[in-house]
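Visitor: no FASTA, just this:
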């Protein structure tokens, strides 16, 4: 079994491309991780996820611990076998979702006690139990247990929360069971405050992790503040470890964050949008529900190789969205994941070729152009 | 382009196996047609429908005329191109569904005037307009426009309805535009009354069709009465034309009807059940929602080659059904269609080999056995 490792292959400005090695295979970075919340990337066969070029997916500790339960998944052979995904899996710690989804939660130094949003049953998440759950699931990359304060929040509250997350990071490291090919990532917090982000990085580096995530962003602060925070934080992170921007984002967020040295992303946007009729393209987002697509015989994007673009008209996709047909969710989710993976591959290529700056400029021009009507001919 | 034709290859008792040739390819009979109501076999890629062995699908005139509209589908190149299904398509006439789904309908000798169940808009279906709509859709097999009375109904009402359907059958034949490789089927009516069924057959034979459907069954009369009606009706139909039992049915219905000389079937059961967690198997139906599957690491049916059986445990399928994940509908629909197609292929083989009677007996034994717990080892 491979050692957990990260190798940088090329840099272009602050942007970098490299490869992470895990027990279940390699991940070329910058990488986008489709979200498989409850043990399935919604509306996708795992073979189709793989066909888009995805090399790693994300599983949600909070959802899986409640249903079907981590012990059950372990008894059934682990999450990889359970969901028929044989590549790497990163699991989040449950910290973010327990605060956003569960009812009647109580937070103290020990951890979070909460009621399930499904059946009201009582549960506890602590750094130690989160490590145990992620081990039972069989995560290749385990995330330290953290707390993410709401945005906006008073700086004192953000500082207090960050310091507790850093104590939890230390407990996570202690509780994490080392296994070959498996890594533990720490999560940087501190809101949009440069000094708190720096203090958080210092503490994480003292503890020492296999990778470093930037958490607590994309929670409402906006793109400009997010990029400012990355500008202040990413340079403090060690060059030789992967950097993961959690829960981000739109295509332009990915390009801007890669430009600032981020290596990994996850977001529900491509999958969730695929279920509501929104398609991401080279020329911006397209709402297939709109009546102007009703008789449009052109493909969504003639240059895309996904089945939605290869075999169907915009008129048909419009029809599926309007009639709430499951095939609409299947095709648009596939397209969106294909677009995200193609974007990541294009960024990796541009970084390797030393042309990332012009790639990013051209990307922005095309997105701003928004000339969707001409997309098939572009 | 091929001529529309039917060739009988072998018979075994009243059961027969043969091949229908159409403009979009051949159909081996007995055949089961998955239902693609609104231009999609729900939760299935068309490539997956094909992979199960299906050679023909059914489209619903009523749904498609309302959304996206037959004229629009014609302008977009026809239903085959629209939905990316390049095999044969049979369309129903809209007669059954306009009576069961639409509001404020008015029936007279001319046809049915009704309000859309979607947006309340007013429409008319007549034998002539049904033929035109099915031509615009591009159906390989067009169904005559008929009326199906509710069950139970007074015999006088059934007779009156049947006679109007036969007059409509004559008008359908006149209005049907003959094209190479395209066929028109008449629909036998008469409820559960042997004399009315006979009168209906006589009238249909006078008009002359490329195939003959038995309609108005599986509407609540029960299996015994349905089989009795087939026993009285099917022998009256010409041997050299395909016979289609509409809207049927459960696996045991298919076997019993094939034994009585039926060649074609359609039913929403395998697709609809796939979306509600019910799986059809050699040993009867299985409800995956049931808690007893929660930790069952065995496949649904180890002998089935569909992805649900090849790659997943019953525990995982249970989890998907419980969490209402789209992948659950995708996998169980695929499995059910695979089961139906495998059953049809097995019946064709048994008829060709002259062993249909023992096949049917063995089928019934296995279904009755219902020893689902032992299924994977069987």
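Guide: Okay, I see it. Bear in mind the structure is a predicted one, so any value in this text is a computation, not a measurement.
Visitor: of all the residues in the stretch 1-150 of chain A, which ones are close to chain B?
Guide: With CB under 8 Å from any CB of the partner chain as the criterion, the stretch 1-150 of chain A meets chain B at residues A:38-40, A:42-45, A:67-68, A:72, A:75-77, A:82-84. Any C-beta I mention is one placed from the backbone N, CA and C, and that applies to glycine too.
Visitor: what's the burial count for the closest residue to chain B within the stretch 151-300 of chain A?
Guide: For the stretch 151-300 of chain A, the residue positioned closest to chain B under CB to the nearest CB is residue A:297, at a distance of 5.6 Å. Each residue near residue A:297 was counted by other CB atoms under 10 Å in any protein chain shown, and the total is 14.
Visitor: Skipping its backbone neighbours, what lies nearest it in space?
Guide: The spatially closest residue to residue A:297, leaving aside those adjacent along the chain, is residue A:313, at 4.8 Å (CB to CB, 6 or more residues apart in numbering or on different chains).
Visitor: again, but for residue A:294
Guide: residue A:318 (5.4 Å).
Visitor: How about residues contacting whichever strand or helix holds the one you found?
Guide: With the criterion set as DSSP states H and E, the secondary-structure element containing residue A:318 is helix A:314-322. For helix A:314-322, the surrounding residues in contact (CB atoms under 8 Å, 6 or more residues apart in numbering or on different chains) are A:277, A:279, A:288-291, A:293-300, A:308, A:325, A:327-328, A:331-332, B:38-40, B:67-68, B:72, B:76, B:82-84.
Visitor: rerun at 6 Å
Guide: With CB atoms under 6 Å, 6 or more residues apart in numbering or on different chains as the test, helix A:314-322 has contacts from A:277, A:288-289, A:293-296, A:298, A:300, A:327-328, B:68, B:76, B:82.
Visitor: From those, list just the buried residues.
Guide: Taking 16 or more other CB atoms under 10 Å in any protein chain shown as the criterion, what is buried in the contacts of helix A:314-322 is A:277, A:288, A:293, A:296, A:298, A:300, A:327-328, B:68, B:76, B:82.
Visitor: What about residue A:182, how many residues nearby?
Guide: Here the number of neighbours of residue A:182 (other CB under 10 Å) works out to 23.
Visitor: which phi and psi does residue A:176 have?
Guide: With angles defined as degrees, to the nearest 10, residue A:176 shows backbone torsions of phi -70, psi 130.
Visitor: next one: residue A:143
Guide: Recorded main-chain torsions at residue A:143 are phi -100, psi 140, according to degrees, to the nearest 10.
Visitor: show me the contacts for it.
Guide: Taking CB under 6 Å, 6+ apart as the contact definition, residue A:143 lies against A:92-93, A:185.
Visitor: again, 10 Å this time
Guide: Counting by CB atoms under 10 Å, 6 or more residues apart in numbering or on different chains, residue A:143 touches A:58, A:61, A:90-96, A:130-131, A:134, A:172, A:183-187, A:209, A:211, A:213, A:215, A:244, A:246.
Visitor: Quick check: pLDDT value at the closest residue in space to it that isn't next to it in sequence.
Guide: What sits nearest to residue A:143 in space, not counting adjacent residues and going by CB to CB, 6+ apart, is residue A:93, at 4.3 Å. In this model, residue A:93 is scored at 95, pLDDT.
Visitor: Can you pull the poorly scored residue ranges out of chain A?
Guide: Residue ranges of chain A with pLDDT under 70: A:1, A:370-378.
Visitor: Tell me which residue is most central in it.
Guide: Here the mean C-alpha position of chain A is nearest to the C-alpha of residue A:266 (CA atoms, centre = their mean), at a distance of 0.8 Å.
Visitor: ok, now which ones touch that residue?
Guide: A:31-36, A:56-58, A:90, A:92, A:213, A:244-249.
Visitor: beta partners for it?
Guide: residue A:33 (DSSP bridges).
Visitor: Would you check how far apart it and residue A:285 are?
Guide: Applying CB to CB, to the nearest Å, one obtains 19 Å for the distance of residue A:266 from residue A:285.
Visitor: what does residue A:43 give?
Guide: Residue A:43 sits at a distance of 18 Å from residue A:285 (criterion: CB to CB).
Visitor: who has more neighbours, those two?
Guide: Here residue A:43 and residue A:285 are compared on neighbour count by other CB under 10 Å; more neighbours surround residue A:43, at 25 against 16.
Visitor: wouldn't that one be in contact with residue A:271 here?
Guide: Yes - distance between residue A:43 and residue A:271: 7.2 Å, which falls inside the contact criterion (CB atoms under 10 Å).
Visitor: and for the two, which residues touch both?
Guide: A:329, A:332-334, A:337.
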